[in-house]
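Visitor: coords please:
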Amino acid sequence: MKINRPYKTIIVDDEPLARLRLQTLMREYPDFFEIIAEAANGEEAIEKITQMKPELLFLDIQMPVISGFDVLKNLNYSPKVIFCTAFDEFALKAFDTNCLDYLVKPLTKERFAKTLEKLDQPINKINSEINLNKLIEQFAQEYKKNEASSIPVKVGDRIIFLRLEEVSYLQADEKYVSIVTKYAKSYILDSSLKKLEDKLPAYFIRVHKSYLINKNLLKEIRKHFNSRFLLIMDDYSQSEITSGRSYYQTIKSLFDY
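Guide: Down below sits the predicted model:
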């Protein structure tokens, strides 16, 4: 089978840094990729894909208004698709097949290299459609989690709703969790960090067995000893959080551009 490379490619993602990260990774493989366009939203993606007919899409799943799946539904042909997603890797293991691939954000060089092994393999249309339908079903279930914008907290005899965008980090302490806002206010939840992690939007990332941080409020990363990092939050207290050793690669990928 003759393989025509490089693949004419369009990158679709509403996050500028995510598009930049993909560009950086793809430039290391000029024999595989020819970037012909980018799109910052679903509407723009449909227009450019329809006009330019790329052979390959790097497609973000969760975008405002028009999701990655909605983009595909509006196409009149079937390019090869590599999904980019903030979903947990284990939740998508079932879809790690030769006909569809996915990259979990934040993207890593090691995982990206594995994608190249799949690009030249033929797409089984029937299996591709089956897996896509399953992935859409999975997305519908997970999307509710990523839509969450607040979290209920009991304060005295009242229930208040904290806006998640204002939460700097969450810290586990035995069977309780402290929620610290960017204004240095602290609240206690009778829950586990794991349960909260499963419900929070994807921009909350685990950096230590006892800490979840809002990466949108991450101001600075400093190298620490023993494969750890010191994370400086952009909150009122300029909070400093030391990462766990096992989260080295996750944090490194945040600045590995």
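Visitor: Could you use CA atoms for every contact and neighbour count after this?
Guide: Will do.
Visitor: Okay, helices next: where are they in the stretch 51-200 of the chain?
Guide: Secondary structure of the stretch 51-200 of the chain, counting by DSSP state H, counting those that start in this stretch: helices at 68-73, 109-119, 125-147, 193-199.
Visitor: Which of those helices comes out lowest on mean pLDDT?
Guide: For those, the weakest mean pLDDT is recorded on helix 125-147, namely a mean of 51.
Visitor: measure Ile205 to Leu231 for me?
Guide: 12 Å (C-alpha to C-alpha, to the nearest Å).
Visitor: Tell me the confidence at the residue sitting furthest away from the middle of the chain?
Guide: In the chain, the residue that sits farthest from the middle, by C-alpha atoms, centre = their mean, is Asp157; the gap is 37.1 Å. Confidence at Asp157, expressed as pLDDT, is 74.
Visitor: what residues are up against Ser186?
Guide: Ser178, Ile179, Val180 (C-alpha atoms under 8 Å, 6 or more residues apart in numbering).
Visitor: How much space separates the closest residue to the last one other than its chain neighbours from Ser168?
Guide: Counting by C-alpha to C-alpha, 6 or more residues apart in numbering, Val180 lies nearest to Ser186, which is 4.5 Å off, once chain neighbours are set aside. Ser186 sits 10 Å away from Ser168, taking C-alpha to C-alpha as the criterion.
Visitor: Spit out the residues that contact those two alike.
Guide: By C-alpha under 8 Å, 6+ apart, the residues touching both Ser186 and Ser168 are Ile179, Val180.
Visitor: mind listing the strands for the stretch 1-150 of the chain?
Guide: 7-12, 33-39, 56-60, 80-85, 101-104, 150-155 (DSSP state E, counting those that start in this stretch).
Visitor: And for Leu24, the neighbour number?
Guide: Not quite, residue 24 is Thr, not Leu. Neighbours of Thr24 under the rule other C-alpha atoms under 10 Å: 14.
Visitor: So what's the predicted local confidence for it?
Guide: The model's pLDDT for Thr24 equals 92.
Visitor: can you check Tyr257 too?
Guide: Value listed for Tyr257 in the pLDDT field: 45.
Visitor: now do Ala91
Guide: So Ala91 comes in at 41 (pLDDT).
Visitor: do Gln171 as well
Guide: 96.
Visitor: got it, and the one 5 residues further on?
Guide: The predicted local confidence for Tyr176 comes out at a pLDDT of 89.
Visitor: same check, this time on Lys48
Guide: What the model reports as pLDDT for Lys48 is 96.
Visitor: check contacts around it.
Guide: Ala37, Ala39.
Visitor: cool, Glu38 as well?
Guide: Glu38 neighbours (C-alpha under 8 Å, 6+ apart): Ile10, Ile11, Val12, Arg19, Ala45.
Visitor: what's the burial count for the second one?
Guide: Okay, so that is Ile11. 24.
Visitor: Verify the contact between it and Pro54 for me.
Guide: No. Contact criterion C-alpha atoms under 8 Å: Ile11 and Pro54 do not qualify, at 10.0 Å.
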